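Trainee: Build the 3D model from these lines:
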Amino acid sequence: MEILFFIALASYIFFSTNKGQELFGDSIPNSKSSVNKRISKFLEDNKFNELDSFWYYTNENSWCYISVNKKNFYLNTRFSYKNSKPEDVEGIFEYSDITWSEIKLQTKFNQKIIKSDFLKKSLIGGLTFGAKGAFIGALLTGIKEDELITHVTLYLKIKNVKETIGLVFWQYSEGMKPKNAEYLIEKSKISEFYSYLVEQDFSGNNKT
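Mentor: Reported below is the predicted structural model:
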């Protein structure tokens, strides 16, 4: 009986790890591999031409895949709240379907919320440093040097979608000081997808 227990425990641990999902992910419901295959099939079936994409997978109850082109965008996300069933959203949407947006930078003790108008004004004064650098500068302005940043999220409200969609572009649960987090946040694609989804500006992407 003990041997069977340890075999079951070892199997559970193995299949819960990235290595297990790499080898047998297609047979595990909502593993990163199986979700990615479903997304690829949906995009292929709908002849969606991807210009750029972002993929953030946490576990079987939390992921977000978003893809854009110059006409519309595709979203596949699952999220869950405490004591509630996971919510799934999938579809191809028009940019005009986005009715509201907000960026939230969360630290261990505080949160900074940036509305799109504030960010636009900040970017106007910082374009000499490059749009991406100006974006990150506006995002980190006012954050104290000793604060620990835990995540940066772009929130969207979309027509006919009940829940507010949160796109987590960068996360570090233990928190990281701004000077160390700046480079990683800059590489996280949040500035690009803010431009695509909120500004509807594709000038920084030369793909066809």
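Trainee: Please verify my assumption that Glu192 contacts Gly204.
Mentor: Yes. Glu192 lies in contact with Gly204 (C-beta atoms under 8 Å); the separation is 6.5 Å. In this view, the C-beta of every residue, glycine as well, is placed from N, C-alpha and C.
Trainee: These two: who's more crowded?
Mentor: Glu192 (20 against 13; other C-beta atoms under 10 Å).
Trainee: quick one: that one is in a strand?
Mentor: No. Counting by DSSP: H, G, I helix; E, B strand; the rest coil, Glu192 is not found in a strand; it is helix.
Trainee: Where do the domain boundaries of this structure fall?
Mentor: Domain assignment for the chain by automatic domain parsing gives 1-30, 31-199.
Trainee: chain center to stretch 141-155, what's the gap?
Mentor: Its chain's average C-alpha position is 16 Å from that of stretch 141-155, according to C-alpha atoms, centre = their mean, to the nearest Å.
Trainee: Buried deepest among the domains of the chain, which one?
Mentor: domain 31-199 (a mean of 16; mean count of other C-beta atoms under 10 Å).
Trainee: Listing request: residues of the chain with sub-threshold pLDDT.
Mentor: 1-27, 81-83, 115-133, 206-208 (pLDDT under 70).
Trainee: What are the contacting residues of the strand or helix carrying His151?
Mentor: Using DSSP states H and E, His151 sits within strand 149-158. Outside strand 149-158, the residues that touch it by C-beta atoms under 8 Å, 6 or more residues apart in numbering are 75, 93, 97-108, 139, 143, 164-178, 181, 185, 188, 190, 193-194, 197.
Trainee: From the residues you listed, which land in helices?
Mentor: 139, 178, 181, 185, 190, 193-194 (DSSP state H).
Trainee: Can you show me the CA trace of stretch 161-169 as CSV?
Mentor: Only the C-alpha atoms of stretch 161-169 are listed here, as CSV (Å, rounded to 0.1, in the frame of the first residue of the first chain):
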residue,chain,number,x,y,z
VAL,A,161,-17.8,40.5,-21.7
LYS,A,162,-19.0,40.5,-18.1
GLU,A,163,-15.7,40.5,-16.2
THR,A,164,-12.9,43.0,-16.4
ILE,A,165,-9.9,41.3,-18.2
GLY,A,166,-6.6,41.6,-16.5
LEU,A,167,-3.5,41.0,-18.6
VAL,A,168,-0.5,40.4,-16.3
PHE,A,169,2.6,41.4,-18.3
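Trainee: mind starting the numbering at 58 from now?
Mentor: Sure, I'll start counting at 58 from here, so that last one is stretch 218-226.
Trainee: contacts for it?
Mentor: With C-beta under 8 Å, 6+ apart as the test, stretch 218-226 has contacts from 111, 113, 121, 123, 132, 134, 136, 144, 146, 208-215, 242, 245-247, 250.
Trainee: returning to that earlier point: tell me the gap between the strand holding His208 and the middle of its chain.
Mentor: The answer for strand 206-215 is 8 Å, by C-alpha atoms, centre = their mean.
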